[in-house]
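1. got a predicted structure here, sequence first:
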Amino acid sequence: MDVVRRGAEAEIRRGTWKGRKVMVKSRVVKAYRHGSLDESLRASRTRNEARLMQEARRHGVPTPIIYDIDLVKAELVMEEIEGERVKDALIEAGEEEAEAVCREIGRLVALLHRAGIAHGDLTTSNMILREGRIWLIDFSLGGRNAELEEMGVDLHLLKEAFQSAHSERFRLFDVVLRSYSVHNPNAKLVLAKIKEIEGRGRYT
Ligand SMILES: Nc1ncnc2c1ncn2[C@@H]1O[C@H](COP(=O)(O)OP(=O)(O)OP(=O)(O)O)[C@@H](O)[C@H]1O
Ligand SMILES: [Mg+2]
């Protein structure tokens, strides 16, 4: 199987599952964590990620279909979304396309938050663009019954991602927020939360 990415926490590789082309995400063993703690952490993040991806898609947010889950190996088998990372797409896109992508990002985050789901690691690296549609991935740090605080943190992280990866087009983040506000009746409260988080200087 060919490894697509080996991160600090997880390894992503291409594989096949019942004749389908799939992506396999496994959480790597962390030697510095105590064995049984590490095991339960890997299992719970895997379970959390699968659950949130399924729940998000039930609420209209495109996410990869989960085919299989193995809590012992801390492994998810999922649909491969053959597209481009939104991070890269935004760098290459013309103005009009970039704005359309940002409107769609705002709409999807609004849908997610209206469903009470916080993503936990909302950056343009965790979004895939395919044929004009956006898929969200990497929900392992997300949560349900999200409070305003967690929604604010989502948007704050996204803002920082725009500031670092798309700094020359920082205006684009306003397009995200405008669309988010159109699609989330609670947006005012969340936007106020972002201000508060920024005022604090840190959010944990
Ligand atoms: N279902 C998928 N289809 C296509 N590409 C994927 C899929 N899942 C992951 N990838 C690719 O692998 C990269 C890493 O995946 P992911 O973001 O889930 O892991 P991670 O950031 O290493 O994990 P974590 O933050 O949970 O430790 C993604 O940025 C994306 O390029
Ligand atoms: Mg990621």
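-> Done, it's in. Ligands and ions are numbered 1, 2, ... in the order given.
2. now the host helix or strand of His156: buried residues?
-> Secondary structure from DSSP states H and E places His156 in helix 148-165. By neighbour count on 16 or more other CB atoms under 10 Å, the buried set for helix 148-165 is 148, 150-159, 161-162, 165. From N, CA and C alone the C-beta is placed, and that goes for glycine too.
3. one more: stretch 129-138?
-> Neighbour-count burial for stretch 129-138 flags Leu129, Ile134, Trp135, Leu136, Ile137, Asp138 (criterion: 16+ other CB under 10 Å).
4. list just the nearest of the residues you listed to ligand 2.
-> Ranked by distance to ligand 2 (CB to the ion), the buried residues of stretch 129-138 are led by Asp138 at 3.8 Å.
5. please enumerate the strands of this protein.
-> 2-6, 10-17, 20-27, 66-70, 75-79, 84-85, 127-130, 133-136 (DSSP state E).
6. so which of these comes closest to Ala118?
-> strand 133-136 (11.9 Å; CB to CB).
7. near ligand 2 at all, the closest one?
-> No. For strand 133-136, no contact with ligand 2 is found by CB under 5 Å from the ion; the gap never falls below 10.5 Å.
8. what pairs with that strand, parallel or antiparallel?
-> strand 127-130 (antiparallel) (DSSP bridges).
9. got the contact list for the strand it pairs with?
-> For strand 127-130, contacts defined as CB atoms under 8 Å, 6 or more residues apart in numbering pick out 81-87, 89, 101, 105, 134-137.
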